[in-house]
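S.K.: quick one: sequence and predicted model below, then my questions.
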Amino acid sequence: MKRIKKRQLIVGGLLATLVILAGATSTYAFAGNFGLNTDQREALEVALTNGDYDSWKGLMESQISQENFTKAQEQYKNRSQMKANRDAIEKTLEAGDYNAWKTAIAGTPMADKMADIDEATFKKMAEAHKLMKAGDKDSARAIFDELKDAGVLPTMGIGKGPDGGFGKGMHRGGMRFGF
């Protein structure tokens with residue numbers, strides 16, 4: 001009985017590790033995390049699209065390492081803070097409050113990239129956010145494209161994801177400004 005329980009714990013632990021790593025890797029692989037190169041990311045996408053479990057499993061197994069587990073664990077531990085940051089940032093966009101937005105992005109991974117955004121650019125971002133929330137994704141995308149083309153908005157995190165970077169997609173917070 002003790003031997004079976006130990007085996008179940010080991011197998012369960014390995015499966016849990018694989019699920020956590022697979023979820024983190026599949027979510028972040030398209031952003032280049034966990035060491036997947038372009039060909040591997042494309043193969044992963046094809047495997048997921050075609051429902052090819054064996055190919056997906058082979059790609060995922062190649063990413064299982066202590067380093068990647070540590071990264072996934074750190075991201076898992078930080079998820080509540082990341083959600084709180086996203087929620088605070090979203091509220092500032094909805095309110096159109098530039099000063100509160102500057103405070104909300106401070107300390108986030110995108111703080112340095114967003115530091116040069118002035119109030120006029122923020123107002124356009126807030127307008128695009130409201131359009132997106134109202135379901136007018138084309139108008140929101142046009143504003144974001146204008147800001148990216150003008151070089152005043154970082155492109156990282158925008159235009160990514162299953163719906164072109166809008167909506168909830170794989171990111172539960174629904175925001176895709178890269179924070």
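M.R.: Structure's in. What do you need? Numbering: from 1, shown residues only.
S.K.: how does the chain divide into domains?
M.R.: For the chain, automatic domain parsing gives the domain ranges 2-64, 79-149.
S.K.: export stretch 138-146 as CSV, just CAs?
M.R.: Only the C-alpha atoms of stretch 138-146 are listed here, as CSV (Å, rounded to 0.1, in the frame of the first residue of the first chain):
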residue,chain,number,x,y,z
ASP,A,138,-11.2,47.6,-36.0
SER,A,139,-11.2,51.2,-34.8
ALA,A,140,-9.2,50.3,-31.7
ARG,A,141,-6.6,48.5,-33.9
ALA,A,142,-6.4,51.5,-36.2
ILE,A,143,-5.5,53.7,-33.2
PHE,A,144,-2.9,51.3,-32.0
ASP,A,145,-1.5,50.9,-35.5
GLU,A,146,-1.3,54.7,-35.8
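S.K.: so for that stretch, mean pLDDT?
M.R.: Per-region confidence: stretch 138-146 scores 91 on mean pLDDT.
S.K.: what residues of that stretch count as buried?
M.R.: Within stretch 138-146, the residues scored as buried using 16 or more other Cβ atoms under 10 Å are Ala140, Arg141, Ile143, Phe144. Heads up, the C-betas are built off the backbone N, CA and C, glycines and all.
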